[in-house]
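Asker: Need the 3D shape of this:
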Amino acid sequence: MRKIDRITNATLVTVILILFSLAITACAPTVKVEPPQEPITINLNIKLDADIRVKLEEQAKKDIAANPGIF
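Answerer: Purely as a prediction, here's the structure:
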């Protein structure tokens, strides 16, 4: 009789552990990846001043070449 009780207790513990682990995995958060409804827009507010710098550098080179004693 005791052997049957031990088997029943072991089986009961195993079933409880399996149900507990299933309950924990069922409560795990899920991640859904969905495309946006509106198209993705990228707003680029870029100020381009490279042309101005090149002109200033060229003018500075000309000024230095014309007046080498300034610096």
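
Asker: only C-alpha atoms for contact and neighbour calcs from this point on.
Answerer: OK.

Asker: Can you report how many residues lie near Lys62?
Answerer: For Lys62, the count of nearby residues is 12 (other CA atoms under 10 Å).

Asker: quick one, phi psi at it?
Answerer: Dihedral pair for Lys62: phi -70, psi -40, per degrees, to the nearest 10.

Asker: Look up how far Pro68 lies from it.
Answerer: Here the criterion is CA to CA, to the nearest Å. By it, Lys62 lies 10 Å from Pro68.

Asker: What of Val54?
Answerer: In terms of CA to CA, Val54 sits 20 Å off from Pro68.

Asker: With Leu12 instead?
Answerer: Relative to Pro68, and taking CA to CA, Leu12 is found at 97 Å.

Asker: Of those two, which one has the most company?
Answerer: Leu12 (12 against 9).

Asker: if we look at the helix or strand encompassing that one, which residues are touching it?
Answerer: Here Leu12, judged by DSSP states H and E, is contained in helix 2-26. Outside of helix 2-26, no residue comes within contact range by CA atoms under 8 Å, 6 or more residues apart in numbering.

Asker: Quick check: buried residues in that helix?
Answerer: Across helix 2-26, burial judged by 16 or more other CA atoms under 10 Å covers no residue at all.

Asker: center of the chain - which residue?
Answerer: Val33 (13.5 Å; CA atoms, centre = their mean).
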